[in-house]
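**Student:** Mind folding the following:
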Amino acid sequence: MNKKRMICLALSLAAVVSMFFVQNTAAWFRTEAGIEYGYNIKVDKMYYDIDGSLGEFLYSNGDSFMLAGQNLIVDNDGKITGVNHSTIATNFRVKIEYQTYVQNGNTVTLTNNTYAGAAGEQLSVTFGRKVGTTDSLFTYDQTTGFWNFNGIDYNNDNVFPGTESPRSFDIITNIKYDGANPNVTPEIYKGRSTEVKVTIQAKQALHVNWTTIATLISG
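**Tutor:** Here you go, the predicted model:
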């Protein structure tokens, strides 16, 4: 009988310890324009506000056409911007996917592309700059196809430091089809469906998986 009581007591203590452990490691998630992490002992959070949207292409007499040089960001002063409310260090990245048409004789082929900033691409993108410089806030990763945030000021550690005060930054200040590209012509694009997609992701620095916090689509 004493042995049974001792076993029962041991199990009860194990349950208490288990509950304490879970409570202090549990987190909740909120997926709107960001993610929020909360802990019972110390409350930290990762949260971004994203502003700006991509519009529809122009229309004429019922036919859609893409205007070369037209900034596809139609509000927020023509920019996609972010406000970092995170109190923990975070990673931040952006992927830009777009469709193009290439004409070969009488055949026009639709191609899905990931923007890499390479010479000859039909899409042109201008990213936000580091404070007080002309250096881009983002660096391209050929393995993932994402543009990684590389430091809000002069550091290049790919980490956005946590802060108690919200910090604003430009993500993309212009996104357009390049009118200087010989393949970007009304004859090829007129009346054909075209899409540009911007995917924005964030995660707690060096931990957990990436989570999409915003998806912007134009077409």
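
**Student:** Flag every buried residue along the longest strand along the chain.
**Tutor:** Using DSSP state E to assign secondary structure, the strand with the most residues in the chain is strand 90-104. Applying a neighbour-count criterion of 16 or more other CB atoms under 10 Å, the buried positions in strand 90-104 are 90, 91, 92, 93, 94, 95, 96, 97, 98, 99, 100, 101. Quick note: C-beta positions are derived from backbone N, CA and C, even for glycine.

**Student:** Next: stretch 71-80.
**Tutor:** Buried-residue list, stretch 71-80, by 16+ other CB under 10 Å: 71, 72, 73, 79, 80.

**Student:** now stretch 118-128
**Tutor:** 121, 122, 123, 124, 125, 127, 128.

**Student:** hmm, which two among those residues are most spread apart?
**Tutor:** 122 and 128 (22.1 Å; CB to CB).

**Student:** The host helix or strand of residue 109: which residues count as buried?
**Tutor:** Element membership for residue 109 (DSSP states H and E) is strand 107-114. Neighbour counts over strand 107-114 (16+ other CB under 10 Å) mark 113, 114 as buried.

**Student:** Distance from the chain centre to that strand, please.
**Tutor:** 24 Å (CA atoms, centre = their mean, to the nearest Å).

**Student:** do stretch 116-126 as well
**Tutor:** 18 Å.

**Student:** Give me the mean pLDDT for it.
**Tutor:** Averaged across stretch 116-126, the pLDDT comes to 95.

**Student:** just stretch 83-103 next, same as before
**Tutor:** Per-region confidence: stretch 83-103 scores 92 on mean pLDDT.

**Student:** Put the alpha carbons of stretch 116-123 into PDB.
**Tutor:** Provided in PDB are the C-alpha atoms of stretch 116-123 (Å, rounded to 0.1, in the frame of the first residue of the first chain):
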ATOM      1  CA  ALA A 116      17.500  37.800 -58.800                       C
ATOM      2  CA  GLY A 117      18.600  41.200 -60.000                       C
ATOM      3  CA  ALA A 118      20.400  39.700 -62.900                       C
ATOM      4  CA  ALA A 119      21.200  41.500 -66.100                       C
ATOM      5  CA  GLY A 120      18.500  41.100 -68.800                       C
ATOM      6  CA  GLU A 121      15.600  40.500 -66.400                       C
ATOM      7  CA  GLN A 122      12.400  42.000 -67.600                       C
ATOM      8  CA  LEU A 123      11.500  43.100 -64.100                       C
END
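
**Student:** No further queries at this time; thank you.
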